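1. I'll drop the sequence and a predicted model, then ask my questions.
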Amino acid sequence: MVLIGLLIYVIRLSAYTLLTSDTLWLLLLIELFQGFTYSLLQCSLVAIPSIIFPDSMQATGQGLMSTVRFGIGPVVFLSLGGFIMEFYGGKWLYRSIAMFSTVVLVIFYFLFNEKKFMTNEKRQLTITTL
């Protein structure tokens, strides 16, 4: 799920940078994908700590993910985003986020591919109970 969500996110961010004043109406079509990216990434961010952390540390894993997602992440990326926006403009802000998300997509692909998940007994239980 996280790979699909990140891929759609990268496509969406890249599409923003290609818009001109003549094609601005396409923004409505691009925004339709926002719901998909948000829901896929939110579901994945809850599921990933439950796979990585042992049963005795599930609450710690969820807390750590929430700290990064809603605490440290916004502080760092809003600061960097403001810098990029001020000196390079909005187009490069979205392009840099798309490039960073592509790097994260590749990392997730190699670290958390489906073959690895399917060999995990806990993952099989999670899949069958959904």
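-> Right, received. Where do you want to start?
2. Helices of this structure, residue ranges please.
-> 2-18, 27-31, 34-52, 58-67, 73-88, 90-111, 114-119, 121-129 (DSSP state H).
3. Tell me which of these is the most buried.
-> Mean neighbour count (mean count of other Cβ atoms under 10 Å) peaks for helix 2-18 among these, with a mean of 18. Quick note: C-beta positions are derived from backbone N, CA and C, even for glycine.
4. quick one, that helix and helix 34-52 angle?
-> Interaxial angle, helix 2-18 versus helix 34-52 (axes from the mean of the first three to the mean of the last three Cα atoms, to 10 degrees): 150 degrees.
5. now helix 2-18 and helix 90-111, what's the angle there?
-> Helix 2-18 runs at 160 degrees relative to helix 90-111, counting by the same axes, to 10 degrees.
6. same for helix 2-18, what does it pack against?
-> Helix 2-18 is packed against helix 27-31, helix 34-52, helix 90-111, with contacts defined by 3 or more Cβ pairs under 8 Å, 6 or more residues apart in numbering; DSSP states H and E.
7. Check the ones you listed for me: which has the lowest mean pLDDT.
-> Looking over the helices and strands packed on helix 2-18, mean pLDDT reaches its minimum on helix 34-52, with a mean of 85.
8. For residue 35, see how far away the residue in the chain sticking out farthest from the centre is.
-> Residue farthest from the centre of the chain, counting by Cα atoms, centre = their mean, is residue 22 at 29.6 Å. Remark: distance between residue 22 and residue 35 (Cβ to Cβ, to the nearest Å) = 26 Å.
9. All set now, cheers.
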